[in-house]
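J.: build me a structure from this.
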Amino acid sequence: MNICMMTNTYLPHVGGVARSVSTFAEEYRKQRHKVLVVAPTFEGRPPPKRLEAYVERVAAIQNFNGSDFSVCLPMAGALNERLDTFQADVIHAHHPFLLGATALRVGASKNVPVVFTHHTRYEDYTHYVPFDSPALREVAINLSTHFANLCDGVIAPSESIAAMIKERGVESPIKVVPTGIDIKAFSSGDGRGVRKKLKIPDDAFVVGHLGRLAAEKNLKYLADAVGLFLKNTPGARFLVVGSGPAEETVLESLTRQGVADRLHLAGKLTGPRLTAAYHAMDVFAFASMSETQGLVLAEAMAAGLPVVALDAPGAREVLKDGVNGIQLPPDANAQSFATAIARLHDDSGMRDSCTKAARQTASAFSKERCAEMALDFYAEIRHGTLRQRQEIEQSPWGTMVERLGVEWRLITERADAVVSALMV
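T.: I've put the predicted structure just below:
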């Protein structure tokens, strides 16, 4: 199968969507499918040439509105030529805007079905756009819902998100397919080496966290909670992997609590260095309410880490309270979160039991299994749209009418999304 994946974020950008696209693309290629990733240019160290060989870069504005995201510019002629040569069997869009709209246009022009992964609760990211407001959040919800209904199929990364988008009005066929992880890679790592580099004692109890350090990750709450734990647990440390604008928020919280000297900021890590960082931790703490899947939780569990997290979409599919960690109500205060970490610190038997269960949980998220699920959905969507595509192909005006129809639906659905939000 020839699979074209269109995404607004990709390597060297570090984030959940970029990792999802790269994981699926690599696994598809291992299974002898052809892959073309269409993505914007990003500042930073370029990916290895073997990975970049199947990527078509689109010019983009860097660091949009002070973030680490790129905003794609209109599609170039070189991309049209590469798409003609590639002859995709399915187009997979990973965002409902920018290259997502391009995916619909390409699908209509090439008479190819389009699948969309609803990676994100887009309303949780409107603070990156000027003039953020409740109305803008509603627009984000409406736009993603309307876009999903313009696609032939929708992938939800968790049962929670599948239920949410159905409730919002998505009528296209939906399949739950989480992003897979490399179980073998995460099962071992040089944790002692990371501790030595960061000057963390071998016998210190380390609370870990990994992710983009951004406002939507609820990091003030997390830092407040871990800070309370550190104050009551001499010698314990907090290891944070990742970078972003909320790094200062974490530092300020721990400074206010007088434990900033036990914070270790490792920055962005990938590959073996990322795996090693997980193995330098004793427990993984996560407080985000904006996730659509528990990808980092599954990675942490593959490394044998018990997890403490809030009950939220994505996390609840991975974390089982009292089995592989501790799950707290979404309105739990910081002290309750700190107490949960302390339970795992104080009870080595519980910690060992959770470690064993965590590894068993992670096995269900293997990248091989998840790729097979996605490929099966592609085949299902191609089969389900076959008659319609044959009718379009047989009509002398079919492709042009379909392309005009897509453009009209994009315009009207966007207008409807804005009007609906303003009417709330």
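J.: can you report phi and psi for the nearest residue to residue 182 once chain neighbours are set aside?
T.: With Cβ to Cβ, 6 or more residues apart in numbering as the criterion, residue 182 has its nearest non-adjacent residue at 5.8 Å, and that residue is residue 367. Every C-beta, even on glycine, is put in place using the N, C-alpha and C of the backbone. Phi and psi for residue 367, reported as degrees, to the nearest 10, are phi -60, psi -30.
J.: give me the below-cutoff pLDDT ranges for the chain.
T.: 44-47, 60-78, 122-133, 135, 395-424 (pLDDT under 70).
J.: gap between the lengthiest strand in it and the chain center?
T.: The longest strand of the chain (DSSP state E) is strand 34-40. Relative to its chain's centre, strand 34-40 lies at 17 Å (Cα atoms, centre = their mean, to the nearest Å).
J.: partners of it in the sheet?
T.: Partners of strand 34-40 in the sheet, by DSSP bridges, are strand 2-6 (parallel), strand 55-58 (parallel).
J.: could you dump those to a markdown table with distance to residue 163 and mean neighbour count?
T.: Below are these laid out as a markdown table (distance: least, Cβ to Cβ, whole Å; neighbours: other Cβ atoms under 10 Å):
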| stretch | distance to residue 163 | mean neighbour count |
| --- | --- | --- |
| strand 2-6 | 25 | 24 |
| strand 55-58 | 34 | 19 |
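J.: now residue 312, what's its secondary structure?
T.: Following DSSP: H, G, I helix; E, B strand; the rest coil, we place residue 312 in the coil state.
J.: hang on, the earlier thing: what about the strands paired with strand 34-40, which gets the closest to residue 156?
T.: Closest approach to residue 156 among the strands paired with strand 34-40 (Cβ to Cβ): strand 2-6, 16.9 Å.
J.: what residues does the helix or strand following that closest one touch?
T.: Remark: after strand 2-6, the chain's next helix or strand is helix 16-30, criterion DSSP states H and E. For helix 16-30, contacts defined as Cβ atoms under 8 Å, 6 or more residues apart in numbering pick out 1, 3, 5, 7-11, 35, 37, 39, 51, 54, 94-95, 117, 119-120, 157, 179-182, 291, 293, 295-296, 367-368, 370-371, 374-375.
J.: equivalent analysis for stretch 178-193, please.
T.: 16, 19-20, 23-24, 27, 157-158, 202, 272, 275-281, 293, 295, 298-299, 302-304, 317, 359, 362-363, 365-371.
J.: in it, what's buried?
T.: Neighbour-count burial for stretch 178-193, counted by 16 or more other Cβ atoms under 10 Å, picks out 178-183, 185-186, 189-191.
J.: picking up where we left off before, okay, the strands paired with strand 34-40 in CSV with distance to residue 346 next?
T.: Listed next are the strands paired with strand 34-40 as CSV, based on distance: least, Cβ to Cβ, whole Å:
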stretch, distance to residue 346
strand 2-6, 46
strand 55-58, 48
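J.: out of those, flag the one nearest residue 285.
T.: Among those, strand 2-6 sits nearest to residue 285 (Cβ to Cβ), with 32.0 Å.
J.: quick one: distance of that closest one to the chain centre.
T.: Distance, centroid of strand 2-6 to centroid of chain: 18 Å (Cα atoms, centre = their mean).
J.: just to revisit the earlier point, among the buried residues of stretch 178-193, which two are most distant?
T.: Those two in the buried residues of stretch 178-193 that are separated most widely, counting by Cβ to Cβ, are 178 and 190, at 27.2 Å.
J.: hang on, the earlier thing: between the strands paired with strand 34-40, which one is nearest to residue 312?
T.: Distance to residue 312, taken as Cβ to Cβ, is lowest for strand 2-6 among these, at 26.9 Å.
J.: re earlier: from the contacts of helix 16-30, list the buried ones, please.
T.: Buried among those (16+ other Cβ under 10 Å): 3, 5, 7-11, 35, 37, 39, 51, 54, 94-95, 117, 119-120, 157, 179-182, 291, 293, 295-296, 367, 370-371, 374-375.
J.: the longest strand of the chain relative to helix 16-30, how many degrees between them?
T.: Comparing the axes of strand 34-40 and helix 16-30 via axes from the mean of the first three to the mean of the last three Cα atoms, to 10 degrees yields an angle of 160 degrees.
J.: contacts for strand 34-40?
T.: 1-10, 21, 25, 28-29, 54-60, 70-72, 79, 82-83, 86, 88, 99, 102.
J.: any idea how far apart the tips of stretch 240-247 sit?
T.: Across its full length, stretch 240-247 reaches 9 Å between end residues, using Cα to Cα, to the nearest Å.
J.: what's the answer for stretch 148-161, then?
T.: Per Cα to Cα, the first residue of stretch 148-161 is 13 Å away from its last.
J.: which residues in the stretch 51-200 of the chain form strands?
T.: Using DSSP state E, counting those that start in this stretch, the strands of the stretch 51-200 of the chain run over 55-58, 60-61, 71-72, 90-93, 114-117, 153-156, 174-176.
J.: now these as CSV including distance to residue 137?
T.: Converted to CSV, the strands of the stretch 51-200 of the chain look like this (distance: least, Cβ to Cβ, whole Å):
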stretch, distance to residue 137
strand 55-58, 27
strand 60-61, 23
strand 71-72, 20
strand 90-93, 22
strand 114-117, 20
strand 153-156, 20
strand 174-176, 22
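J.: tell me which of these approaches residue 253 most closely.
T.: The nearest among the strands of the stretch 51-200 of the chain, by Cβ to Cβ, is strand 71-72 at 31.4 Å.
J.: other SSEs contacting the helix or strand harbouring residue 374?
T.: Assessed by DSSP H and E, residue 374 sits inside helix 367-384. Judged by 3 or more Cβ pairs under 8 Å, 6 or more residues apart in numbering; DSSP states H and E, helix 367-384 is in contact with helix 16-30, strand 90-93, strand 114-117, strand 153-156, strand 174-176.
J.: what's next to it, contact-wise?
T.: With Cβ under 8 Å, 6+ apart as the criterion, helix 367-384 contacts 1, 3, 23-24, 27-28, 31, 33, 89-90, 92, 113, 115, 152-153, 155, 173, 175, 177-183.
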